[in-house]
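Peer 1: Okay, predicted coordinates and the sequence, questions at the end:
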Amino acid sequence: MVLSVLVLCPPSTSEVGVAKERVIVLARRLLLVSANSGAAVTIILGIMVIVAESWVLARGWLHLKLLRVLLMLMIQLRLYQRIRALRRGPARCAPL
């Protein structure tokens, strides 16, 4: 959702003032509330499953799932960096 906001409504150099700030605030709020909360719940529940049933560590699917979680955290970090760069100025923001 954050990615779609940043791609479909990028705060370009022609946008100034309130419109630009609204898009940036919306993207930041979506990232902080939705993505961070979802990531925290997913990590906590994953740790609980591993503690409760340690045999899952021997399964191949868990390693793939952990790799996907790591990939999602890297994407989330990249989006956070992009939002911060947009807040400082669109010229500093690299394309996705």
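Peer 2: Noted; the coordinates are in hand.
Peer 1: Look at the most centrally placed residue in the chain and give its secondary structure.
Peer 2: Nearest residue to the geometric centre of the chain (C-alpha atoms, centre = their mean): residue 76, 2.5 Å. Of the three states, residue 76 takes helix under DSSP: H, G, I helix; E, B strand; the rest coil.
Peer 1: Spatially nearest residue to it (excluding sequence neighbours)?
Peer 2: Nearest non-adjacent residue to residue 76, counting by C-beta to C-beta, 6 or more residues apart in numbering: residue 35, 5.3 Å away. Backbone N, C-alpha and C define where each C-beta goes, glycine included.
Peer 1: Return the distance of stretch 29-49 from the chain's centre.
Peer 2: From the chain centre to the centre of stretch 29-49 is a distance of 10 Å (C-alpha atoms, centre = their mean, to the nearest Å).
Peer 1: actually stretch 47-62, sorry about that
Peer 2: For stretch 47-62, the distance to the chain centre is 25 Å (C-alpha atoms, centre = their mean).
Peer 1: after the helix or strand of the chain with the lowest mean pLDDT, next one along is what?
Peer 2: None of the helices or strands of the chain scores lower by mean pLDDT, DSSP states H and E than helix 2-8, at a mean of 53. Next in sequence after helix 2-8, counting helices and strands by DSSP states H and E, comes helix 18-30.
Peer 1: which regions of the chain lie under the pLDDT threshold?
Peer 2: 1-20, 90-96 (pLDDT under 70).
Peer 1: mind running it again at 50?
Peer 2: Applying pLDDT under 50 to the chain flags the ranges 13.
Peer 1: What is the burial count for residue 85?
Peer 2: 14 (other C-beta atoms under 10 Å).
Peer 1: measure it to residue 66 for me?
Peer 2: Noted for residue 85: a distance of 29 Å to residue 66, by C-beta to C-beta, to the nearest Å.
Peer 1: Residue 59 too?
Peer 2: Counting by C-beta to C-beta - residue 59 and residue 66 are separated by 11 Å.
Peer 1: More neighbours: which of the two?
Peer 2: Taking residue 59 and residue 66 together and counting by other C-beta under 10 Å, residue 66 has the greater number of neighbours (13 against 10).
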